[in-house]
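**Q** What follows is a protein structure lacking sequence information:
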């Protein structure tokens, strides 16, 4: 498998008296697309910043491709973090910044960059400070994808992008990952949109790891139940229901936890069982009430 | 499946890449500085020649202060704003410190050479009109004056880097409080260079070089531990 793997053990990051990450441990599988999910202030950006050597850990061990990333030329050269619209010099033309990236990223693909600039309708002679919010994010995406770093970290890069641009970004990211496998970590609040891209999921909450799992297993930890309202309510009566929807006489409920005879009971009741949306699971997992019950 | 690496252009070392990035901005400023400066010197010489009974001093020498302040202010801005882009492009803080310092010294030396060339042209013009050309005080030679000025340029460039990184790491209050400490010696040099003799000019140059070395060393320490600030 291509791409850097990551091993983090007991990572703590403090900003003065605030603990952003509290002895977290997690692994990021090389070559996989991992979703890094969490509510605002959960520590996602801090975790990504440590991996990319943007900031120093307070304590713990962080290994990117087997080495600590801080001031490590090899690891830093192979790790790319794009935060929102990227860290670029806003007064330099887009073409200048891409030349700078080309000089510094061994796997940078200028043809792909050009294609992405066309796709997002970005003029290479423009300076980023003149761009709209969404266009700035699009430029960040261009840099992130075209750099083809073995560890690519994309932190809320979709901000301000319209829906067509976001879906174009997801499509090109997936296709390029298939053509040039590498490790990608995608942090986003638009879980419904990125779900189809994810092989693995890491959920942070208040500076700790809540869930670390492959996406399919996580989805299999729950299910949607769809059918006639009364039958659905009867089926889920004694279950942990995380979401409900109703349309006329039809209802859909999302439940956590599966039982051996679920399929038989559903068939007998004329109900349809389906996979659970990751977003519903995420909201349930990070709900303070759920946390208290845990 | 293995990653296909598309070969990019020949990659220079990180220090060279960094120095080139800083120097590009300095060159853009230098075009304007020297372009406008030469015009101002020409106007100054013309007015001096027309208005004064006796012409016996260089006009260009008075550009020394501007040539200290301008690169200093640009290096402050670069040190303040460049760190995130540098780290985000995969280079280490060590290469930033080295590359920026190389650029600072290179800019200063370039300014020194350009300053000397402008003075050479000015002296030629003075010779044509039969005027007396001199720089600094009575006991100062052109060579020692230029050496002292160039050393002051080196100090101003490295001081600019230091001030910028202090603003970045420690915020506006500390940056402003530290400013007199860093820039104070530079101001003293600007006052003394035009009025002291040869021996004192070489001493001033030595003080400027020591100051530049200290500024570069402290800048290096500050950069090595710098965090990339959060996005706003």
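**A** Ah, there it is. A quick note: this is a predicted structure, and the numbers were derived from the prediction, not measured.

**Q** Might one say that residue B:223 is in contact with residue B:93?
**A** Yes - if you go by Cβ atoms under 8 Å, residue B:223 and residue B:93 touch, sitting 5.0 Å apart. C-betas here are computed from N, CA, C, even on glycine.

**Q** Between those two, which contacts overlap?
**A** residue B:83 (Cβ atoms under 8 Å, 6 or more residues apart in numbering or on different chains).

**Q** So for the two, which residue has more residues nearby?
**A** Neighbour tally, residue B:223 and residue B:93, criterion other Cβ atoms under 10 Å in any protein chain shown: the higher count belongs to residue B:223, 26 against 21.

**Q** show me the residues around that one that make contact.
**A** Each residue near residue B:223 by Cβ under 8 Å, 6+ apart is listed here: B:83, B:93, B:96-97, B:100, B:165.

**Q** Looking at the residues you listed, which is nearest residue A:58?
**A** Lowest distance from residue A:58 to those (Cβ to Cβ) belongs to residue B:93, with 18.3 Å.

**Q** what's the distance between the closest one and residue B:221?
**A** Counting by Cβ to Cβ, to the nearest Å, the separation of residue B:93 from residue B:221 is 10 Å.

**Q** same check, this time on residue A:221
**A** Residue A:221 is 50 Å from residue B:221, by Cβ to Cβ.

**Q** Between the two, tell me which one has more neighbours.
**A** Per other Cβ under 10 Å, whichever of residue A:221 and residue B:221 has more neighbours is residue A:221, with 15 against 12.

**Q** Residue A:254 is in contact with the more buried one, correct?
**A** No - counting by Cβ under 8 Å, residue A:221 stays clear of residue A:254, with 11.2 Å between them.

**Q** Give me the common contacts of those two.
**A** Residues touching both residue A:221 and residue A:254 by Cβ under 8 Å, 6+ apart: A:276, A:281.

**Q** Doesn't residue A:204 lie inside a helix?
**A** No - with DSSP: H, G, I helix; E, B strand; the rest coil as the criterion, residue A:204 is strand rather than part of a helix.

**Q** Where does pLDDT dip in chain B?
**A** Across chain B, the ranges flagged by pLDDT under 70 are B:1-11.

**Q** Mind naming the longest helix for it?
**A** helix B:142-192 (DSSP state H).

**Q** Which helix or strand lies directly C-terminal to the helix or strand harbouring residue A:265?
**A** According to DSSP states H and E, residue A:265 maps onto helix A:262-269. Downstream of helix A:262-269, the first helix or strand assigned by DSSP H and E is strand A:272-274.

**Q** Mind listing the strands that following strand pairs with, and their directions?
**A** strand A:222-228 (antiparallel) (DSSP bridges).

**Q** could you give the angle of the partner strand to helix A:262-269?
**A** Counting by axes from the mean of the first three to the mean of the last three Cα atoms, to 10 degrees, strand A:222-228 lies at 10 degrees to helix A:262-269.

**Q** Check the offset of strand A:222-228 from the chain's centre.
**A** 26 Å (Cα atoms, centre = their mean, to the nearest Å).

**Q** now stretch B:211-223
**A** That offset, for stretch B:211-223, works out to 15 Å (Cα atoms, centre = their mean).

**Q** Over to stretch A:226-239?
**A** Taking mean C-alpha positions (Cα atoms, centre = their mean), stretch A:226-239 and its chain are 32 Å apart.

**Q** Who are the packing partners of the helix holding residue A:265?
**A** Packed against helix A:262-269 by the contact rule (3 or more Cβ pairs under 8 Å, 6 or more residues apart in numbering or on different chains; DSSP states H and E) you find strand A:222-228, helix A:229-235, strand A:272-274.

**Q** For it, buried residues please.
**A** Residues of helix A:262-269 classed as buried by neighbour count (16 or more other Cβ atoms under 10 Å in any protein chain shown): A:262, A:266, A:269.

**Q** tell me the contacts of the last one?
**A** By Cβ under 8 Å, 6+ apart, the contact list for residue A:269 reads A:227, A:231, A:234-235.

**Q** Give me the next element, helix or strand, following the longest helix anywhere in chain A.
**A** Once chain A is assigned using DSSP H, the helix that runs over the most residues is helix A:163-179. The helix or strand immediately downstream of helix A:163-179 is strand A:183-187, counting by DSSP H and E.

**Q** Just give the number of residues close to residue A:22.
**A** Per other Cβ under 10 Å, the neighbour tally for residue A:22 reads 15.

**Q** So it belongs to a helix, correct?
**A** No - looking at residue A:22 with three-state DSSP, it is strand, so not inside a helix.

**Q** Thought residue A:205 was touching it, still the case?
**A** No - using Cβ under 8 Å, residue A:22 is not in contact with residue A:205; the gap is 10.6 Å.

**Q** just the helices in chain B please.
**A** With DSSP H, the ranges of helices along chain B come out as B:14-51, B:64-88, B:93-129, B:142-192, B:198-224.

**Q** Now tabulate these in a markdown table and tack on distance to residue A:249.
**A** Output for the helices of chain B, formatted as a markdown table (distance: least, Cβ to Cβ, whole Å):
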| stretch | distance to residue A:249 |
| --- | --- |
| helix B:14-51 | 66 |
| helix B:64-88 | 54 |
| helix B:93-129 | 64 |
| helix B:142-192 | 62 |
| helix B:198-224 | 67 |
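
**Q** tell me the contacts of the residue of the stretch 101-250 of chain A found nearest chain B?
**A** Proximity of the stretch 101-250 of chain A to chain B (Cβ to the nearest Cβ) peaks at residue A:104, 4.5 Å away. Residue A:104 makes contact with A:77, B:11, B:14, B:17, B:89-91, according to Cβ under 8 Å, 6+ apart.

**Q** quick one: low-confidence parts of the stretch 1-150 of chain A?
**A** A:1.

**Q** measure residue A:73 to residue A:122 for me?
**A** 30 Å.

**Q** now do residue A:198
**A** In terms of Cβ to Cβ, residue A:198 sits 27 Å off from residue A:122.
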